[in-house]
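Colleague: coords please:
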Amino acid sequence: MSFQQGLSGLNASSKGLDVVGNNVANSSTVGYKSSAAHFSDVYASSLSGSGASQVGIGTTMSSVFQQFTQGNITTTNNTLDIAINGNGFFKVSRDNIIAYTRNGQFHTSNQGYIENDQGYRLMGYVATPTGQIVPSQPAEIQIDTSNIAPRATGTAVGGDSTMVLNLDSNAKLPTVTPFNFSNPSSYTYSTAQTVYDTLGVEHNITYYFVKTSTAGQWDVHATLDGANPVSMGSLNFTTGGQLTGTPAMPISLPTTWAITTGATTPLGSGLPNWRLDFTGSTSFAGDSTVNSQYQGGYGQGALSSISIGADGIVQGNYSNGQKKNLAQIVLTTFVNSNGLLNLGNNLYQSTSTSGGGMDGAPKAGSRGALQAAAIEESNVDLTSELVNMITLQRNYQANAQTIKTQDQIMQALVNLR
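Modeller: Next up is the predicted model:
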């Protein structure tokens, strides 16, 4: 008589219950992937036995596979909670040890690094000082909390200023000539625009529009901070109220367009020559008004918040209304995810079985998209696990019954006279 088959069945059912129990225990663990036990039959090696003459000697658990299916995504109130919707793992680092995880519960350290509860720092492509993302070797992401530098109006990056307005075609000609910015009777309409110098200090340019004829001609003048008037040129409109000629006018600001403290060398200055583009402006009957205006300068700004896009770009939002790319989170994919070594704490490590990790931007190739202020819940299906638990319990009881039956047969043999 052999008790081995029943004993192996008890052992396999017990290990299967361990796997189910672990799944149930982690049903609320963020980013956890459920496991499934795989079993195989066992046969003794024999030189003479073959085919139907072989009798198995039980079963064994051959492996435990994790099911890397998508978990439900739930929103949170933490911007640095990040869920992966699709394929891939976050790449994290601590003390030069690289690991991978699906748990996107991150926060910032006192040094500005984005890290998880175990101190592993999130990795990605770090942006250049100008905010450009250049894919390279992923590095630990550290949020740059320094102020964003100001940009002077008229720089090549900011481009030309623009102003779209309507100048009332029914407006009367000024009663006073020549133009004098301090006398409202010498101009028809005025409006102001805030501009910035190289230190980010605000200055005010006031534009004065003087209707010079009923044929649709308007002269344009400007003053800087209420002084030093300059003539910019003329705007000409057709009988249909449309702007003709060259709509972009050069602004030649005076030499006082500078900041000093009494020293001969200015601390900051404004750019002396740039253009104001009036493309789209009209001269219809109706109130003179500015419909839109733009200038590319701004003052310095402090980091007020960060945001993370579906493509993994970490963007800084500044108090001056500007935005700048700080980094891009990478996702790592593997040829065989089940070959990863489970380190616990929702962390994995690559092995020769899993193959080397392939880093890339979210949404690139087969990689999933990211969702900020959200977490990926465990993919454990409690209903299925409870059914598996009942099945394994029945298997355990059935294997126990075979051992009991074997014992009864053995007892009957012992009692033979």
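Colleague: biggest helix in the protein, by residue count?
Modeller: In the chain, with assignment by DSSP state H, the single longest helix is helix 382-414.
Colleague: report all helices and strands that it contacts.
Modeller: Contact partners of helix 382-414 among helices and strands, from 3 or more CB pairs under 8 Å, 6 or more residues apart in numbering; DSSP states H and E: helix 4-25. In short, each C-beta sits where N, CA and C put it, glycine included.
Colleague: got the angle for the helix or strand following the helix it packs on vs helix 382-414?
Modeller: The helix or strand immediately downstream of helix 4-25 is strand 35-41, counting by DSSP states H and E. Strand 35-41 and helix 382-414 are oriented at 30 degrees to each other (axes from the mean of the first three to the mean of the last three CA atoms, to 10 degrees).
Colleague: strand 35-41 pairs with which strands, and in what direction?
Modeller: Its sheet considered, strand 35-41 pairs with strand 59-66 (antiparallel) by DSSP bridges.
Colleague: model confidence over the strand it pairs with, on average?
Modeller: The average pLDDT within strand 59-66 is 88.
Colleague: go on, stretch 144-153?
Modeller: The average pLDDT within stretch 144-153 is 91.
Colleague: and it, how far apart are its ends?
Modeller: 25 Å (CA to CA, to the nearest Å).
Colleague: if you count neighbours, what's buried in it?
Modeller: 148, 150-153 (16 or more other CB atoms under 10 Å).
Colleague: how about these in CSV, adding distance to Gly344 and secondary structure?
Modeller: CSV is the format used below for the buried residues of stretch 144-153 (distance: CB to CB, whole Å; DSSP: H, G, I helix; E, B strand; the rest coil):
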residue, distance to Gly344, secondary structure
Ile148, 41, strand
Pro150, 49, coil
Arg151, 49, strand
Ala152, 54, coil
Thr153, 56, coil
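Colleague: any idea of the angle the longest helix of the chain forms with helix 4-25?
Modeller: Going by the same axes, to 10 degrees, helix 382-414 is angled at 160 degrees with respect to helix 4-25.
Colleague: got the confidence number for Asn388?
Modeller: 92.
Colleague: with the one 5 residues further on instead?
Modeller: Reading off the per-residue confidence, Gln393 sits at a pLDDT of 90.
Colleague: what do you get for Ser50?
Modeller: Here, the pLDDT recorded for Ser50 equals 57.
Colleague: repeat that for Met1.
Modeller: For Met1, pLDDT reads 49.
Colleague: same question, Glu377
Modeller: What the model reports as pLDDT for Glu377 is 96.
Colleague: that one touches Gln70, doesn't it?
Modeller: No: counting by CB atoms under 8 Å, Gln70 is not a contact partner of Glu377; they are 9.9 Å apart.
Colleague: residues making contact with the helix or strand where Ile98 lies?
Modeller: Using DSSP H and E, Ile98 sits in strand 97-101. If you take CB atoms under 8 Å, 6 or more residues apart in numbering as the criterion, strand 97-101 is touched by 31, 89-93, 116, 120, 332, 340, 343, 346-350, 357.
Colleague: need phi/psi at Ser185.
Modeller: phi -80, psi -10 (degrees, to the nearest 10).
Colleague: extract the CA atoms of stretch 175-193 and return them as CSV.
Modeller: What follows is stretch 175-193, C-alpha atoms only, in CSV (Å, rounded to 0.1, in the frame of the first residue of the first chain):
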residue,chain,number,x,y,z
THR,A,175,-9.8,118.7,-32.1
VAL,A,176,-6.2,119.5,-31.0
THR,A,177,-3.0,119.1,-33.1
PRO,A,178,-0.3,118.1,-33.0
PHE,A,179,-0.4,114.9,-30.9
ASN,A,180,0.4,115.4,-27.2
PHE,A,181,0.0,112.3,-25.0
SER,A,182,-0.9,114.5,-22.0
ASN,A,183,-3.9,116.0,-23.9
PRO,A,184,-6.8,113.6,-24.6
SER,A,185,-8.2,115.9,-27.2
SER,A,186,-5.1,115.3,-29.4
TYR,A,187,-5.8,111.6,-29.9
THR,A,188,-8.8,109.4,-30.6
TYR,A,189,-8.2,106.2,-28.6
SER,A,190,-5.6,104.8,-26.2
THR,A,191,-4.8,101.4,-24.6
ALA,A,192,-2.0,100.0,-22.5
GLN,A,193,0.2,96.9,-22.5
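Colleague: buried stuff in that stretch?
Modeller: Quick answer for stretch 175-193 (16+ other CB under 10 Å): 179, 181, 186-190, 193.
Colleague: stretch 31-46 too?
Modeller: For stretch 31-46, by 16+ other CB under 10 Å, it's 31-35, 37, 39.
Colleague: domains in the protein, by residue range?
Modeller: 4-69+379-414, 74-148+303-376, 161-294 (automatic domain parsing).
Colleague: single out the most deeply packed of those domains.
Modeller: Greatest average neighbour count among these goes to domain 74-148+303-376 (a mean of 18), per mean count of other CB atoms under 10 Å.
Colleague: how far off centre is that domain?
Modeller: 9 Å (CA atoms, centre = their mean, to the nearest Å).
Colleague: just the endpoints, please. Distance across it?
Modeller: 6 Å.
Colleague: contacts for stretch 4-13 next, please.
Modeller: So stretch 4-13 is contacted by 39, 42, 56-61, 392-393, 395-396, 398-400, 402-403, 406 (CB under 8 Å, 6+ apart).
Colleague: swap that for stretch 158-167, please
Modeller: 151-154, 188-189, 191, 193, 195, 207, 209, 211, 218, 235, 237, 248, 274-284, 286-297.
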